[in-house]
Structures are given as structure tokens and as C-alpha cells.
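>>> Generate coordinates for the sequence data below:
(one chain, ligands or ions: 1)
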Amino acid sequence: MARWGYGLGSALLQVGAAALVGALSGLPGAVVAVLAAAAVALPYGWAVARLDAYADTGRGLALFALDHTWSLVNTIAGALFLALNLVGGHRLDPAPSRHRGRIVVREQALPGYATTVGNVIAGLTPGNEAHEDLHVRQGRLLGPLYLPLVALGYVLCAACPLWLRRHDHTVWPITGPIRYFTHGVYPHVWHEAWAYRRDRLARREGDRNH
Ligand SMILES: [Zn+2]
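Prediction:
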């Protein structure tokens, strides 16, 4: 039964927060905010319940509390991302979601990439699991600062390519303007550089153990 409590609680907390923020601009603002939040919070709450995403344990409850207080903005962004995936016909992946504090979508949102927004991961595989989980943790750590800092990272890296000095052109060849972003900016923005560094260290650790 806990799963339905989590699901309902998630939807109510998201809609309640939106109502409070919307109310700052008066009653019409509150109504619009509630309707907009409900459109993404209800499918998200339903997914939380269906997937049994948060365990009925102290850890599950703590993650749920974190995701609906300090990290609530990330959770609402994840709910929007989930809604867009569901509208696009993408399917939930129950096994890797259950009791893991995350909502996994089978299909990739961007061809060739796994994407994590809040605790919603599209295109999770065993190979990218630790990398994408780190993005979930980064959001939980930085809370409402996370998405603005991610956006700032992209703006700085795109406008000011200091990363070119230490760019690995063998792994990420830059052959045109699109690759400047996908092979240049993308792996060097702070939150991706952190995650790719984790991947490299894990690979090195793995090599040592074999
Ligand atoms: Zn990443």
C-alpha cells in the first residue's frame, strides 16, 4: 500500500507547491499553476505507485522526502520529462525502477543518448546506469540550484571553450558545428565532466581487478 501513498503524496506535494507559487500572482495564477502542475504530477505520481519506485523503508522514505522538498524543482522537471516521454509513446521499465527511487523509461529520449532529468532516466542500460544515477544524485545534492547551474555550464562551455586545451580528440572528434556541441561542449559541462570522470575511474578500477 505504501506505493500508492507515495504516488498520491508526490502528486499532491507537486500540485500544492505549484499552487503556492502561482498564488503569488493572484487567483488566476494559482488556477493556471495547479492545472499545469496536475498535467505532469498526476502521471508522475501514477508512475511512482505503479513502479513501486520508493521502498517502504527508512531509506525509501528519506529519498521521497528529499525529492519532494529540497529537490522538488528537479522532481517537477522530471515529471515534465516523464509526461513528454509518455506522450511520445515511451514505456516505463519496472524492474530497474522498483525500490530504487527512480523512474526508468525504456526508450531513449534523444537518439544515441540516455537522459536523466530529476529522478527520471530515459534509456537506462547496465552500461550507463552508474553514470545516470550520478546525475540523479547531483540533483538531490544541489536541489533548486542544480538546473540553473547545468544551464550556466552549457552557456559557459559553449561561449568560452577553455576545455579545448584538454580535449580528447580521439574519443570525441570535433568535425563540424553540431559535433562542437555533441563531442565538445557536452562532455565538458561540469555535471557531465564529473560523470565521465567517474566512468573513467570505475573503468580503471575494473581493469585493476581483472
Ligand atoms: Zn551524463
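>>> drop to CA atoms for contacts and neighbour counts, all remaining ones
Noted.
>>> which stretches of the protein have low pLDDT?
210 (pLDDT under 70).
>>> Can you give me the buried ones in the longest helix seen in it?
Longest helix in the chain, counting residues (DSSP state H): helix 27-51. By 16 or more other Cα atoms under 10 Å, the buried positions in helix 27-51 come out as 29-30, 33-34, 37-51.
>>> Kindly report the same for stretch 203-210.
Applying 16+ other Cα under 10 Å to stretch 203-210 flags no residue as buried.
>>> do the same with stretch 109-128
For stretch 109-128, the neighbour count (16+ other Cα under 10 Å) marks 109, 114-124 as buried.
>>> Quickly name whichever of those is closest to Asp56.
The shortest approach to Asp56 among those belongs to Asn119, at 17.7 Å (Cα to Cα).
>>> you'd agree the closest one is up against Thr75?
Yes: taking contacts as Cα atoms under 8 Å, Asn119 lies within contact range of Thr75: 6.6 Å.
>>> check contacts around His183.
Shown in contact with His183 (Cα atoms under 8 Å, 6 or more residues apart in numbering): 172-174.
>>> Name the member of the residues you listed that has the highest neighbour count.
Ile174 (17 neighbours; other Cα atoms under 10 Å).
>>> Surely that residue is in contact with Gly184?
Yes: using Cα under 8 Å, Ile174 is in contact with Gly184, at 6.6 Å.
>>> Please parse the chain into its domains.
If you go by automatic domain parsing, the domain ranges for the chain are 1-124, 144-210.
>>> what's the most buried one of these?
Counting by mean count of other Cα atoms under 10 Å, domain 1-124 has the highest mean neighbour count of the domains of the chain, with a mean of 19.
>>> Could I get the full set of strands for the protein?
103-105, 115-117, 120-122 (DSSP state E).
>>> Which one, of the ones you listed, ends up nearest to Ile178?
Using Cα to Cα, the nearest of the strands of the chain to Ile178 is strand 115-117, at 18.3 Å.
>>> Look up how far His99 lies from the residue found closest to Asp56 once you drop the neighbours it is linked to in the chain.
Nearest non-adjacent residue to Asp56, counting by Cα to Cα, 6 or more residues apart in numbering: Ala2, 6.1 Å away. From Ala2 across to His99, the span is 11 Å (Cα to Cα, to the nearest Å).
>>> for Leu27, same thing?
For Leu27, the distance to His99 - Cα to Cα - is 38 Å.
>>> where's the closest residue to Gly22 other than its chain neighbours relative to Ala19, distance?
Nearest non-adjacent residue to Gly22, counting by Cα to Cα, 6+ apart: Ala30, 4.0 Å away. Separation of Ala30 from Ala19 (Cα to Cα) stands at 5 Å.
>>> And for Cys157?
Taken as Cα to Cα, the span from Cys157 to Ala19 is 36 Å.
>>> quick one: contacts for Gln108?
Gln108 neighbours (Cα under 8 Å, 6+ apart): 114-115, 122-124.
>>> Find the residue at the geometric middle of this protein.
Val117 (2.0 Å; Cα atoms, centre = their mean).
>>> so what's it bridging to?
Following DSSP bridges, Val117 is listed with bridge partners Val120.
>>> is it true that it touches Ile76?
No: look at Val117 against Ile76 with Cα under 8 Å: they stay out of range, at 9.3 Å.
>>> For this structure, just list every one of the helices.
Here the chain has its helices, by DSSP H, at 2-23, 27-51, 58-67, 72-87, 94-97, 129-142, 146-159, 177-179, 186-188, 190-208.
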